[in-house]
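Q: what would the 3D arrangement of this be:
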Amino acid sequence: MDIPVYLFTGFMDSGKTSLITQTLLENDFGVGARTLIIACEDGDVEFDEEKLAEKKATVVGVDSEEEFTAEFLKDCDTTMRPDQVFIEYNGTWEGAKIIEMPLPKDWQIVQVLTTVDASTYELYLTNMRAMMMEQVFASDVVIFNRCTDETPKGKFRRTVKALNRKAQIVYEREDGTIDQNDMEELPYDLNQDVIDITDEDYGIFYLDVQDNPKKYEGKTIHFLALAYHPEKLGKKPMFVPGRFAMTCCAEDIQFIGLKCKYDRASDIPHKSWVDLTAEIHYEFAKEYRGKGPVLYAKAAELTAAPAEELVYFT
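A: Coordinates of the predicted model:
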């Protein structure tokens, strides 16, 4: 029988200990199961081991990254014989280590949850962006806690989704309640006959059209794009207009574009800049392995490169 492993990531004092405690003591998660909690750091909030013991939960501490090995986990399994495992991972350790580490027989990571202190998130993004993004790259759920009315939820969401599209985003207010309203006003008007997407807004548009393609159905957009001709398209009358974007750091720049059908696609040189006007339709495309936004070019004029070729998601 598989032993579910729940991995909690995030920097120290981001709320990992509190979330685990709430899950086990208040939400009665896995009632009756032998729970092993592996704590990889000591934050301001400590586990109440006496109360947790009443729920058949045992806390085992790890003092250093060197001690956190496959052999250590195997010893925990042999000694504790857990039915479920909660790992409070150290936010300063290499994130990929736990994902790639061979786990004991029957152990299976079933969910990765990342806690983020919304009050310090922008500071971490500015000064330690790569480390911050490493916390969320494999997350199933990202919980921004300590949110206020001033929290820029749209900006936070985009930084996560740019790196990890599958992650569910949760906003928790300072009083512990969940903020259900994560909608933000788009920087462009969807009701315009031609929606003008500026260079600064392309990252926002790209994520929104992926997440909410149906609201763009039949809309006409205009933006400056870098034209790509992937080899897999062959001589088909189509190309991929898009932009290079920085999702995490300078080492993590990638091209983000959309499939575009155009009778004169062969007239557009590879990696040339085009002033593109196109209509959007949500339809099946094998390149997407399912349905997705497909552009139908109305006009594509060769033009000069913009002053800033890179786009961002903030």
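
Q: okay, helices next: where are they in this structure?
A: Ranges of helices in the chain, per DSSP state H, are 16-21, 49-54, 70-80, 95-100, 121-134, 153-161, 202-211.

Q: quick check, residue 168 in contact with residue 141.
A: Yes - contact between residue 168 and residue 141 holds when scored by Cβ atoms under 8 Å: they sit 4.8 Å apart. C-betas here are computed from N, CA, C, even on glycine.

Q: when the two are compared, which one has more neighbours?
A: residue 141 (14 against 11; other Cβ atoms under 10 Å).

Q: partner residues bridging the more buried one?
A: When bridges are called by DSSP bridges, residue 141 pairs up with residue 113, residue 168.

Q: what's it in contact with, if anything?
A: 111-114, 167-170 (Cβ atoms under 8 Å, 6 or more residues apart in numbering).

Q: what about residue 86, distance to residue 77?
A: 14 Å (Cβ to Cβ, to the nearest Å).

Q: ugh, wrong one, residue 235
A: Distance from residue 235 to residue 77, by Cβ to Cβ: 56 Å.

Q: swap in residue 30?
A: If you go by Cβ to Cβ, the gap between residue 30 and residue 77 works out to 17 Å.

Q: now residue 116, nearest residue through space, not along the chain?
A: residue 144 (5.0 Å; Cβ to Cβ, 6 or more residues apart in numbering).

Q: might one say that the one you found is in contact with residue 121?
A: Yes - taking Cβ under 8 Å as the definition, residue 144 is a contact partner of residue 121 at 7.0 Å.

Q: neighbour count: the two, which is higher?
A: residue 144 (26 against 21).

Q: quick one: contacts for the closest residue to residue 114 other than its chain neighbours?
A: Excluding the flanking residues, the one nearest residue 114 by Cβ to Cβ, 6+ apart is residue 139, at 4.2 Å. Going by Cβ under 8 Å, 6+ apart, residue 139 touches 9, 112-114, 160, 164, 167.

Q: give me the number of residues near the residue lying closest to residue 235 once chain neighbours are set aside?
A: Once flanking residues are discounted, residue 235 sits nearest to residue 266: 7.2 Å by Cβ to Cβ, 6+ apart. Close neighbours of residue 266, defined as other Cβ under 10 Å, add up to 13.

Q: for residue 232, same thing?
A: 8.

Q: can you tell me the closest non-neighbouring residue to it?
A: Closest to residue 232 by Cβ to Cβ, 6+ apart is residue 287, at 7.7 Å.

Q: swap in residue 17?
A: Residue 17 sits nearest to residue 45 (Cβ to Cβ, 6+ apart), 4.5 Å away.

Q: shouldn't the one you found be in contact with residue 20?
A: No - when contacts are counted by Cβ under 8 Å, residue 45 is not listed as touching residue 20 (9.9 Å).

Q: those two - which one has more neighbours?
A: residue 20 (26 against 13).

Q: which non-adjacent residue is nearest the more buried one?
A: Closest to residue 20 by Cβ to Cβ, 6+ apart is residue 86, at 5.3 Å.

Q: look up which residues are beta-bridged to the one you found.
A: Residue 86 has these beta-bridge partners by DSSP bridges: residue 6, residue 37.

Q: just residue 279 next, same as before
A: residue 220, residue 296.

Q: show me the contacts for the nearest residue to residue 108 once chain neighbours are set aside.
A: In this structure, residue 108 finds its nearest non-sequential neighbour in residue 2, 4.6 Å apart by Cβ to Cβ, 6+ apart. Going by Cβ under 8 Å, 6+ apart, residue 2 touches 106-108.

Q: next: residue 78.
A: Residue 78 neighbours (Cβ under 8 Å, 6+ apart): none.

Q: kindly report the same for the one 4 residues further on.
A: Remark: with contacts taken as Cβ under 8 Å, 6+ apart, residue 82 is in contact with 3, 33-36, 58, 76.

Q: how far away is it from residue 9?
A: 20 Å.

Q: what's the ChimeraX line that selects buried ones from the contacts of residue 141?
A: Restricted to buried positions by 16 or more other Cβ atoms under 10 Å, the ChimeraX selection for these reads:
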select :112,113,114,167,169,170
